[in-house]
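Colleague: Generate a structure from the sequence data that follows.
(2 chains, ligands or ions: 2)
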Amino acid sequence: MLIPFFYLLRDGGMKTSITELLTLLEAMQKGVAGQSVDDFYYLSRSCLVKDESKLDRFDRIFASYFNGVEDSFADLMADIPDEWLRRQAELMLSDEERAQIEALGGFEELMQALQQRLEEQSERHEGGNKWIGTAGTSPFGAYGYNPEGVRIGQQSSRNRSAAKVWDRREYRNLDDSVELGTRNIKIALRRLRKFAREGAADQLDLEDTIDKTARNAGLLDIRMVPERHNAVKVLLCLDIGGSMDDHVRVCEELFSASRSEFKHLEYFYFHNFIYESMWKDNRRRHAERVPTVDITHKYGSDYKLVFVGDATMSPYEIVYAGGSVEHWNEEPGAVWIKRLLNTFPKAIWLNPEPQNRWDYTPSVKLTRELMDDRMYPLTLAGLDDGIKGLH
Amino acid sequence: MANSKFTGTSTYVATDDLMMAVNAAVTLERPILVKGEPGTGKTQLAIEVANSLGKPLYEWHIKSTTKAQQGLYEYDAVARLRDSQLGDDRVHDISNYIVRGKVWEAFESGEQPVLLIDEVDKADIEFPNDLLRELDRMEFYVYETKRLIKAVHRPVIVITSNNEKELPDAFLRRCFFHYIKFPDKETMQRIVDVHFPKLKKDLLGEALNAFYKVRDVPGLKKKPSTSELLDWIKLLLAEDIPPEALRAKDSRTAIPPLYGALLKNEQDVHLFEQLVFLDRRAGSNP
Ligand SMILES: Nc1ncnc2c1ncn2[C@@H]1O[C@H](COP(=O)(O)OP(=O)(O)OP(=O)(O)O)[C@@H](O)[C@H]1O
Ligand SMILES: [Mg+2]
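Modeller: Ligands and ions are numbered 1, 2, ... in the order given. This next block holds a predicted model:
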């Protein structure tokens, strides 16, 4: 039963490896975890997740899998974990009902009765979650509207119960697939800075080498220093003037906050798509245009090109001359973006639209094709992947 | 007192998931990587694991300039050169100039030790990769003396990391992982209890409330953590501050005493004072 879970994790985008699965099996064999689902959850989590930003994803997958197969899990664990029983009861109760019942106090007795009933039932898997007969016919199934039939109290033990642990989603705010915002911008910044500093090669420190060699009685002692200025140069092209503005602002902040880390960072703005010109100052977008050709001439091909935009428009705006909503463009946007990509082979497109919508918008698909698939969501994870794409 | 399972100690509160991760690592003799906000007890964990399992502890604190090799051994060529010029006899035996590192020391320990590799993310990105084989096989080769150093007992290895700097996948695959999330109120209460067993309940309650309130101030550069809370309580006790002083009956008294212990960053102190000031103004003309 672990194999399907393993594949579910991988399908869910976790990079769980066979090594880790084997480690988990070994740990189970050596009895590291006890018999409870709780233990299994903790153990598998520490074996299979190595990145806190993936903890929430793990919790969701764990829930979706184990909430469905609890019956067989109970089998696996030989005897039925208390928590599981508890949870079954809780699943059927609304908050008010629970409060009502709580007022009556006492949980253990109920559990005992339930367990007894369960043992009497020969086919306990029948009906999945409804393991104790149909609502209305069983005194237990009836507790939805007969709170006296079931007594649940002890809020604290309930809180500790296993099933709740992964359902609590405590690691949600560490997930890296949410969109960039003020909350996670600091982390994004750090990643971007790291990117900016990368490529810093070692250089010979001549002065120090001479000094150290002299002290070393003439024996050559070579000294190296990291290259002080990093070499990363970026052209940032932002889609402005529309629903995108908030996202663009975040991105702008992000890059300008790390401006000092880049050797060069130039901004250009466009609206919806790239045509024969862009502009640098949004207040004077109509007066001061920079011809796109000039950009391809002025900046070397070692510049990395980063587009930020939702790429959401009519496909005409990309593929036809005269398709732009703002002006008459002699040549289609697709031609212009290709020119840019020819000059700047290292390029990515960051898209703030949720990734699951991309496929439904023809213009996004088109843009993605033009970008040779190098479109990334504007999330921490997307930024990470995008940066990799720029190397 | 030696125990076979780690369950926390009289001075350290371990949550269930942390215990599980530690015990899995101990049982399977694989390293455990511990991450989390600063001051959440990552470093302390190794010390407590060693204490409670009755094992000797070797600590290797990593700096930005630390190289993997330094944990194994270093060849002190300069000392040898000097000895050769002084005509010292030791110079003929190269092993005199091999300086053992922390990993080597841990490998030679007569009983199974705990080896702490603290703040692994400080070092070069290649650092963990450079130790893969050594930590896997628990052996390494000293080229200068042609000796193979093998661990007498596989150490329990605790590795801590502070930020989200990526560690290589190959390295991660070999570790157990635990992320210490910031303790909830209940856990925090237990943590304070182990540090200040005689603390009056009402003072603790008020202090925790005030503490979590400060943590909730939006925009703080560095939120106060467990270690700041403990320092602050120490001060409160030293100054004999009564619990009432911590209770914010109205917004006028919302500034907790000695809050400098909680906010160590000047900008944060400013921000905090401003917010309280705004609060007071709002409070005085409703
Ligand atoms: N669970 C805990 N139980 C008892 N004390 C704790 C706990 N967590 C933290 N502390 C206390 O908080 C202080 C900070 O702990 P420690 O230095 O281990 O944190 P850290 O995570 O290594 O921090 P940093 O990232 O800054 O190195 C110590 O005094 C430690 O005793
Ligand atoms: Mg530490």
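Colleague: quick one: low-confidence ranges for the stretch 101-250 of chain B?
Modeller: B:163-165, B:248-250 (pLDDT under 70).
Colleague: any chance you could map the strands in it?
Modeller: B:114-118, B:139-142, B:147-150, B:156-161, B:176-180 (DSSP state E, counting those that start in this stretch).
Colleague: nearest to ligand 1, of those?
Modeller: strand B:156-161 (6.0 Å; C-beta to the nearest ligand atom). From N, CA and C alone the C-beta is placed, and that goes for glycine too.
Colleague: Using CSV, list the CA coordinates for the closest one.
Modeller: C-alpha atoms of strand B:156-161 as CSV (Å, rounded to 0.1, in the frame of the first residue of the first chain):
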residue,chain,number,x,y,z
VAL,B,156,24.5,10.2,15.3
ILE,B,157,24.8,13.1,13.0
VAL,B,158,22.7,16.2,13.6
ILE,B,159,23.0,18.9,10.9
THR,B,160,21.4,22.3,11.3
SER,B,161,20.6,24.8,8.7
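Colleague: Which elements pack onto that strand?
Modeller: helix B:16-28, strand B:32-36, helix B:42-53, strand B:114-118 (3 or more C-beta pairs under 8 Å, 6 or more residues apart in numbering or on different chains; DSSP states H and E).
Colleague: residues touching B:D76, list them.
Modeller: B:Y97, B:I98, B:V99 (C-beta atoms under 8 Å, 6 or more residues apart in numbering or on different chains).
Colleague: The second one touches B:Y73, doesn't it?
Modeller: Going back to what we said before, that points to B:I98. Yes: look at B:I98 against B:Y73 with C-beta atoms under 8 Å: they come within range, at 5.4 Å.
Colleague: Find residues that contact each of those two.
Modeller: B:V142.
Colleague: Which one's more surrounded, the two?
Modeller: Using other C-beta atoms under 10 Å in any protein chain shown as the criterion, B:I98 and B:Y73 rank with B:Y73 on top: 21 against 18.
Colleague: now the strands for chain A?
Modeller: For chain A, applying DSSP state E gives strands covering A:202-204, A:224-226, A:233-239, A:264-270, A:277-279, A:289-291, A:304-308, A:347-351, A:375-377.
Colleague: Same list (those) but as TSV, adding distance to B:N51, mean neighbour count and mean pLDDT.
Modeller: Shown next, in TSV, are the strands of chain A (distance: least, C-beta to C-beta, whole Å; neighbours: other C-beta atoms under 10 Å in any protein chain shown; pLDDT from 0 to 100):
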stretch	distance to B:N51	mean neighbour count	mean pLDDT
strand A:202-204	42	11	60
strand A:224-226	40	12	60
strand A:233-239	50	22	86
strand A:264-270	51	18	84
strand A:277-279	63	20	89
strand A:289-291	66	14	88
strand A:304-308	51	23	90
strand A:347-351	49	24	91
strand A:375-377	46	23	92
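Colleague: any chance of these in TSV, plus distance to A:D39?
Modeller: Below are the strands of chain A laid out as TSV (distance: least, C-beta to C-beta, whole Å):
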stretch	distance to A:D39
strand A:202-204	49
strand A:224-226	47
strand A:233-239	49
strand A:264-270	51
strand A:277-279	58
strand A:289-291	62
strand A:304-308	46
strand A:347-351	42
strand A:375-377	36
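Colleague: Compute the number of surrounding residues for whatever residue of the stretch 1-150 of chain A ends up closest to ligand 1.
Modeller: Closest residue of the stretch 1-150 of chain A to ligand 1, C-beta to the nearest ligand atom: A:E52 (13.8 Å). For A:E52, the count of nearby residues is 19 (other C-beta under 10 Å).
Colleague: how far away is it from A:L378?
Modeller: According to C-beta to C-beta, to the nearest Å, A:E52 and A:L378 sit 21 Å apart.
Colleague: Please apply the same query to B:D231.
Modeller: In terms of C-beta to C-beta, B:D231 sits 40 Å off from A:L378.
Colleague: coming back round to it: so which of the strands of chain A is nearest B:P38?
Modeller: B:P38 sits nearest to strand A:224-226 of all these, at 25.8 Å, using C-beta to C-beta.
Colleague: wait, B:Q112 sits on B:H153?
Modeller: Yes: between B:Q112 and B:H153 there is a contact under C-beta under 8 Å: 3.8 Å.
Colleague: residues touching B:R154, list them.
Modeller: B:E29, B:Q112, B:M138.
Colleague: mind listing what the second one touches?
Modeller: Spelled out, that is B:Q112. So B:Q112 contacts B:K55, B:H153, B:R154, B:P155, B:V156 (C-beta under 8 Å, 6+ apart).
Colleague: For the last one, which non-adjacent residue is closest in space?
Modeller: In this case it means B:V156. Nearest residue to B:V156, sequence neighbours excluded (C-beta to C-beta, 6 or more residues apart in numbering or on different chains): B:V114, at 4.6 Å.
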